[in-house]
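Q: okay, predicted coordinates and the sequence, questions at the end:
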Amino acid sequence: MQQVGSSTTDNFPLHHLNSSDCGSETSAEPRKSKARAQKESADLSRMRPNVSFYVFYLLLLGLGVACMTCVCYWITQWQGGFAWDGTHQQFNWHPALMVTGLVVFYGYGAVLYRVPLTWGQNKLPWKLLHATLMLLALLLSIMGLCAVFGFHYAKNIPNVYSLHSWIGIAATALFALQWVVGAVAFLLPCSPTSLRKLLKPAHVWLGGSILSLSIMACISGINEKLFFALKGGANSSAAYSSLPPEAVFANSLGVLIVAFGLVVLLILSIRRWQRPESMPAEVVYSPLHQDDN
Ligand code: HEM
């Protein structure tokens, strides 16, 4: 498998259009078909190293859909469904929105730049899509927190006492900070390239750390909810320790969330799946192309 950084032909569809191919053309047709043949063979060689990326990317998309489906199924099948009325059905929005926002949408947004299809193109639309997905993830998480705080307020339950809530608050606060700093540094046209270069490694590291924190929050939250809901005893539901179907299902949801997080972190950690830092000099590409940071 070829290293992305070491071979420009791996990454850029228009690599064959270098200066020697342009200019004083005498017989355009043979040149065009030669260029087409070169492009096809380059496209084929570029596709091969990307197959393993797309296998993991499809796995990630599937795991994300499975997480969102399973959390909704758990809530509707065993926890009485959704409402926004101060009852425990209002609480139910909390896991559904946190898993959808701070895990699935966040994870999808985090790996967006790794999709090789986006590499030969102007980066600006992908930056905007990345920022939009992350903003959507943040808004869903904030709604998820409003659901649980509103429920606690309505039922006079104390706030932020558990380890789960501490980790959850830390994850959401860091995410909000990361979004604001990221938008200012990477989206504002006036922000200097040197600042972008300085911030980029920290942005990537903090991005992975926030995902790890949110996975921890989900696992501890599922565990806590099962302890609350499955108390056992004569007049209530089966005990968690007897592993009723709800516990098996919710534990499995936790495993799916962990698997999703691991696949995101794996994709982020593989160097040859990173978007190349800069376009090589001979590449001819869109005049709208922005700087690459
Ligand atoms: C990234 C995901 C999550 C974050 C950031 C998060 C955050 C929080 C926060 C800050 C609270 C405290 C609310 C208050 O004190 O009024 C809380 C409560 C709670 N959350 Fe989550 N949560 C997440 C996912 C989940 C999931 C998936 C479940 C599964 C059911 C869950 C279950 C609970 C429970 C049972 C409480 C009430 C008890 C407590 O305050 O610890 N959470 N969550």
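A: Yep, that arrived. Because the structure is predicted, anything quoted here is derived from the model rather than measured. Numbering: from 1, shown residues only.
Q: where in the stretch 151-293 of the chain is pLDDT low?
A: Low-confidence segments of the stretch 151-293 of the chain (pLDDT under 70): 234-235, 278-293.
Q: try it again at 80.
A: For the stretch 151-293 of the chain, the stretches flagged by pLDDT under 80 are 233-236, 277-293.
Q: do the same with the stretch 1-150 of the chain
A: Scanning the stretch 1-150 of the chain for pLDDT under 80 picks out 1-49.
Q: next up, the contacts around the one residue in the stretch 51-200 of the chain that gets nearest to the ligand.
A: Residue of the stretch 51-200 of the chain nearest the ligand, by CB to the nearest ligand atom: residue 168 (2.4 Å). Using the backbone N, CA and C atoms, a C-beta is placed for each residue, glycine as well. Applying CB atoms under 8 Å, 6 or more residues apart in numbering, we find residue 168 in contact with 98, 145, 214, 217, 221.
Q: contact partners for the spatially most central residue of the chain?
A: The residue lying closest to the centre of the chain (CA atoms, centre = their mean) is residue 107, at 1.8 Å. Counting by CB under 8 Å, 6+ apart, residue 107 touches 60, 64, 211, 260, 261, 264.
Q: name the element it belongs to?
A: Using DSSP states H and E, residue 107 sits in helix 106-110.
Q: so is that helix next to the ligand?
A: No - judged by CB under 6 Å from any ligand atom, helix 106-110 stays clear of the ligand, getting no closer than 8.8 Å.
Q: just stretch 75-86 next, same as before
A: No - counting by CB under 6 Å from any ligand atom, no contacts exist between stretch 75-86 and the ligand, the nearest distance being 8.5 Å.
Q: what lies in contact with that stretch?
A: Counting by CB under 8 Å, 6+ apart, 88-90, 92-93, 95-96, 147, 150-151, 153-155, 229, 246, 249 sit against stretch 75-86.
Q: highest neighbour count among those?
A: Highest neighbour count within these, by other CB atoms under 10 Å: residue 92, with 25 neighbours.
Q: how about that one, phi and psi?
A: phi -60, psi -20 (degrees, to the nearest 10).
Q: check contacts around it.
A: 75, 79, 80, 81, 82, 83, 147.
Q: from these, pick the one nearest residue 116.
A: Proximity of those to residue 116 (CB to CB) peaks at residue 75, which lies at 36.8 Å.
Q: count of neighbours near the closest one?
A: Residues near residue 75, counting by other CB under 10 Å, number 19.
Q: is it part of a helix or strand, or is it coil?
A: State at residue 75, reduced to three classes by DSSP: H, G, I helix; E, B strand; the rest coil: helix.
Q: okay, the contacts of residue 92 in TSV with distance to residue 184 and secondary structure next?
A: Output for the contacts of residue 92, formatted as TSV (distance: CB to CB, whole Å; DSSP: H, G, I helix; E, B strand; the rest coil):
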residue	distance to residue 184	secondary structure
75	37	helix
79	40	coil
80	43	coil
81	40	coil
82	36	coil
83	38	coil
147	29	helix
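Q: using a markdown table, lay out those together with distance to residue 194.
A: Converted to a markdown table, the contacts of residue 92 look like this (distance: CB to CB, whole Å):
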| residue | distance to residue 194 |
| --- | --- |
| 75 | 48 |
| 79 | 51 |
| 80 | 54 |
| 81 | 52 |
| 82 | 48 |
| 83 | 51 |
| 147 | 42 |
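Q: buried members of the residues you listed into ChimeraX, please.
A: Entered in ChimeraX, the line below selects the buried ones among the contacts of residue 92, by 16 or more other CB atoms under 10 Å:
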select :75,79,147
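Q: could you pull out the strands for the stretch 151-293 of the chain?
A: With strands called from DSSP state E, counting those that start in this stretch, the stretch 151-293 of the chain shows none.
Q: alongside the ligand, which residues does it contribute?
A: 152, 159-160, 162, 164-165, 168-169, 171-172, 214, 217-218, 221-222, 224-225, 228.
Q: helices - which of those land there?
A: Under the assignment DSSP state H, these contribute 152, 164-165, 168-169, 171-172, 214, 217-218, 221-222, 224-225, 228 to helices.
Q: for ChimeraX, what selects the buried ones among the residues you listed?
A: Buried members of these, defined by 16+ other CB under 10 Å, are picked up in ChimeraX with:
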select :152,164,165,168,171,172,214,217,218,221,222,225
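Q: no more questions from me, cheers.
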